[in-house]
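S.K.: Make a model of this:
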Amino acid sequence: MKIIFMGTPDFAVGTLEALIEAGHEITLVVSQPDKPKGRGHELIPTPVKETALAHNLRIYQPERLRGGAPEEMIRRTEADVIVVAAFGQLVPKSILEMKRYGCINVHGSLLPKYRGAAPIQWAVIDGETQSGITIMQMDAGLDTGDMLLKAAVPLDPKETGGSLFEKLSKLGASLCVEALQKLEAGELVPEKQGKSPTPYARMLTKDMGELDWSRPAVELERLIRGLNPWPSAYTSLEGRILKIWDADVCEEEEAGSACGEIVRITKDAVYAACGQGALKIKELQLQGKKRMDTGAFLRGYHLEAGTILGYKNGGHRI
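M.R.: Numbering: from 1, shown residues only. Below you'll find the model as predicted:
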């Protein structure tokens, strides 16, 4: 098939490469504009753009899809279908209906669950036991189109946002190729979604990572995993930002301690009291230092039981 591909981040790269490997003709790659990065504000190409350049594909990076020039570009580009994977902009209805098979979306959840910008991370944060990919026929709504094909994956007990991202990126690539084969053969039966049983999977922000120690340990542990690697979970230690990368839930730790209080220290872990239970902190990163296991941290930093973590005790927000 002739395909216009729309995508921006790493998640979409596998799908683009799988379509190329399957023998489809990519007539145009549409990605978000390059963004400045670092002190020099050098423009950095999106991961999808880098992949497109490596395959000598034609690239288009409009600020917005809506409007005369972008719509005309897509209208003039020959294609049977538009494949969208984590593009990052709403696709206007006029574009959705331009090509024979319309727009097909690779979505990182088992719709109708987790419509929105960050379905992968929210599945981890909410404690889901499985997630997956839905290939969807896009409509004018936000992730509300008919479902064409689904595949599920179980979540590991220590699944992170990053590890699930990798799993679903690979699954989305293979499922998209399968869906296009079945679409062309007329073997797909669209299925209506119905009402979503979960809240909108809103975009992640840095301030979401601040640990509220009054919450149960089980919720904080899931938050730490869901926000790993970005934007990461954090608290403060004696006025400095402390990122927490890995922790276990300890329900048996003593009750009655102040929320955020370090109640026990061993050679390789720090135990911090929560609203219910405690977190056994196993990997962390103090502001200005490298990410390390807690044992290595304790060999270079003197920490005492009774210290209280959190911004209400002299920390500074990021």
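
S.K.: just the strands in the stretch 151-300 of the chain please.
M.R.: 233-237, 240-250, 262-265, 270-273, 278-286, 292-293 (DSSP state E, counting those that start in this stretch).

S.K.: for the chain, which spans come out with low pLDDT?
M.R.: Applying pLDDT under 70 to the chain flags the ranges 253-256, 311-318.

S.K.: Break it down into its domains, please.
M.R.: Using automatic domain parsing, the domain parsing of the chain gives 2-184, 206-313.

S.K.: how far does the last one sit from the chain's center?
M.R.: Taking Cα atoms, centre = their mean, to the nearest Å, the mean C-alpha location of domain 206-313 is offset from the chain mean by 23 Å.

S.K.: Stretch 76-90 now?
M.R.: Centre-to-centre, stretch 76-90 and its host chain are 20 Å apart (Cα atoms, centre = their mean).

S.K.: picking up where we left off before, most tightly surrounded among the strands of the stretch 151-300 of the chain?
M.R.: Ranked by mean neighbour count, the strands of the stretch 151-300 of the chain are led by strand 270-273 with a mean of 26 (mean count of other Cβ atoms under 10 Å). Using the backbone N, CA and C atoms, a C-beta is placed for each residue, glycine as well.

S.K.: picking that back up, who wins for proximity to Arg222 among the strands of the stretch 151-300 of the chain?
M.R.: strand 240-250 (9.2 Å; Cβ to Cβ).

S.K.: List of residues touching that closest one?
M.R.: 211, 217-218, 220-221, 224, 228, 232-236, 271, 277-288, 291, 309, 315-316, 318 (Cβ atoms under 8 Å, 6 or more residues apart in numbering).

S.K.: ok, now stretch 216-228?
M.R.: 121-127, 158-162, 204, 208-209, 211-213, 233, 244-251, 274-279.

S.K.: okay, that stretch in CSV with CA atoms only?
M.R.: Output of stretch 216-228 as CSV, limited to C-alpha atoms (Å, rounded to 0.1, in the frame of the first residue of the first chain):
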residue,chain,number,x,y,z
PRO,A,216,-0.6,4.7,50.8
ALA,A,217,2.8,3.2,49.9
VAL,A,218,1.2,1.0,47.2
GLU,A,219,0.1,4.1,45.3
LEU,A,220,3.4,5.8,45.6
GLU,A,221,5.3,2.7,44.4
ARG,A,222,3.1,2.6,41.3
LEU,A,223,3.7,6.3,40.7
ILE,A,224,7.5,5.8,40.9
ARG,A,225,7.3,3.1,38.3
GLY,A,226,4.9,4.8,36.0
LEU,A,227,6.9,8.0,35.9
ASN,A,228,10.2,6.1,35.3
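
S.K.: Report the buried residues of that stretch.
M.R.: 217, 219-228 (16 or more other Cβ atoms under 10 Å).

S.K.: Just give me the closest of these to Arg100.
M.R.: Nearest member of the buried residues of stretch 216-228 to Arg100, counting by Cβ to Cβ, is Gly226, at 38.9 Å.
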